[in-house]
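A.B. asks: Pasted the sequence and its predicted model underneath.
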Amino acid sequence: MTKYMDNEFEAALIDASVPAIPVTDTAPVTSPDPPHGDDTADPTIDVSHDGETAAIEDKDNPAAIKAALWRVGKLYLSIIIKVALFIILLTKIIMVAMIPTSSMYPTCKPGELALGNRLAANHPLERGDIIVFYSYECEEVLSKRVVGLPGEQITFFDGQTYINGEPLDEPYLPDGVYTTSIYAFSFEVPEGHYFVMGDNRDHSFDSRYWNNPYVSQDDVLSVLMIHGYIPIISDFYAGNKFNSANYN
């Protein structure tokens, strides 16, 4: 019995020498997610950028492609319409011309830019209108002032212009201007035609000297609206004969 007790005493000593390890419920330890771009990233994790994904989706989206093409088409259509309207404006409504000579001085001075109304050329003209027209005799575009209307008689006497025997008041001329004609002193203006002269009477080749002294309504290109000297534009048109009216 003594031996048995000794054995139990030794076993108790052994149990007392080993500290008790507490047992608790713990969650499994997992490693943190690797940062984007890490080669060890989990392939099941979506790390794509939203912008890139949207671009790819737009590329493959017929509706998005159609909308983009429509926007580009509208832009080009707008440009074409504006260019067409500009061409119509310059060829059907407004005439741009440059005054290269002094035949209309002092009203229009050399180098001035002139804008003419093309639509007004299709209607009966008034005395005093400055017109741009094509002269078949001179074979060029000219500009003069309308003095005689259809059916009127134009005569010159003692430096004065007469319409149907009445002296013509010309307030646009400087004081002391002497108007005369060398080859003929009386003109009968036919229907649908006009008698024209330059304001610079001593330096204007006009109806007084032409073989056919009358300008047909059909040859009138425009009626002058405004004129003035604009440095850059006037310099440009000065060297462009195609766009210039020769105020001979």
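C.D. replies: Alright, I've got the coordinates.
A.B. asks: residues in contact with the closest residue to Ala120 other than its chain neighbours?
C.D. replies: Spatial nearest neighbour of Ala120, excluding adjacent residues (C-beta to C-beta, 6 or more residues apart in numbering): Val223 at 4.0 Å. All C-beta atoms are positioned from the backbone trio N, CA, C, and that covers glycine. Counting by C-beta atoms under 8 Å, 6 or more residues apart in numbering, Val223 makes contact with Gly116, Asn117, Ala120, Ala121, Leu125, Asp129, Ile130, Ile131, Val132.
A.B. asks: For Val223, give the beta-bridge partners.
C.D. replies: Beta bridges link Val223 to Asn117, Ile131, judged by DSSP bridges.
A.B. asks: which stretches of this protein aren't confidently modelled?
C.D. replies: The chain contains residues with pLDDT under 70 at 1-60, 234-248.
A.B. asks: Is His207 in contact with Pro213, as I believe?
C.D. replies: Rather than His, residue 207 is Ser. Yes. With contact defined as C-beta atoms under 8 Å, Ser207 and Pro213 form a contacting pair (4.1 Å).
A.B. asks: Quickly list what's touching both of these two.
C.D. replies: In terms of C-beta under 8 Å, 6+ apart, Ser207 and Pro213 are both contacted by the residues Phe187, Phe195.
A.B. asks: between those two, which one's more packed in?
C.D. replies: Remark: of Ser207 and Pro213, Ser207 carries more neighbours, 25 against 22, as counted by other C-beta atoms under 10 Å.
A.B. asks: Return the distance of that one relative to Pro171.
C.D. replies: Here Ser207 is placed at a distance of 20 Å from Pro171 (C-beta to C-beta, to the nearest Å).
A.B. asks: what ranges do the strands span in this protein?
C.D. replies: 94-98, 113-117, 130-135, 140-148, 153-157, 160-163, 166-167, 186-188, 193-197, 214-216, 220-228 (DSSP state E).
A.B. asks: Those strands: which one's closest to Gly176?
C.D. replies: For the strands of the chain, the distance to Gly176 is smallest for strand 160-163, at 12.2 Å, taking C-beta to C-beta.
A.B. asks: one step back: could you work out which of the strands of the chain reaches nearest to Ile81?
C.D. replies: strand 94-98 (18.0 Å).
A.B. asks: Going by neighbour count, which residues of that closest one are buried?
C.D. replies: Under the neighbour-count criterion of 16 or more other C-beta atoms under 10 Å, strand 94-98 has Met95, Val96, Ala97, Met98 buried.
A.B. asks: from those, which is closest to Val147?
C.D. replies: Val147 lies nearest to Ala97 out of the buried residues of strand 94-98, by C-beta to C-beta, at 20.4 Å.
A.B. asks: packing partners for the lengthiest helix in the chain?
C.D. replies: Secondary structure of the chain per DSSP state H: the longest helix is helix 62-88. Counting contacts by 3 or more C-beta pairs under 8 Å, 6 or more residues apart in numbering; DSSP states H and E, helix 62-88 packs against helix 50-59.
A.B. asks: Can you get me a residue count around the residue lying closest to Glu188 once chain neighbours are set aside?
C.D. replies: Among residues not flanking Glu188 along the chain, Gln153 sits closest, at 5.6 Å (C-beta to C-beta, 6+ apart). Here the number of neighbours of Gln153 (other C-beta under 10 Å) works out to 14.
A.B. asks: cool, Tyr105 as well?
C.D. replies: 17.
A.B. asks: Report the contact partners of it.
C.D. replies: Asp199, Asn200, His203.
A.B. asks: Buried only: go through those for me.
C.D. replies: Of the contacts of Tyr105, these count as buried by 16+ other C-beta under 10 Å: Asp199, Asn200.
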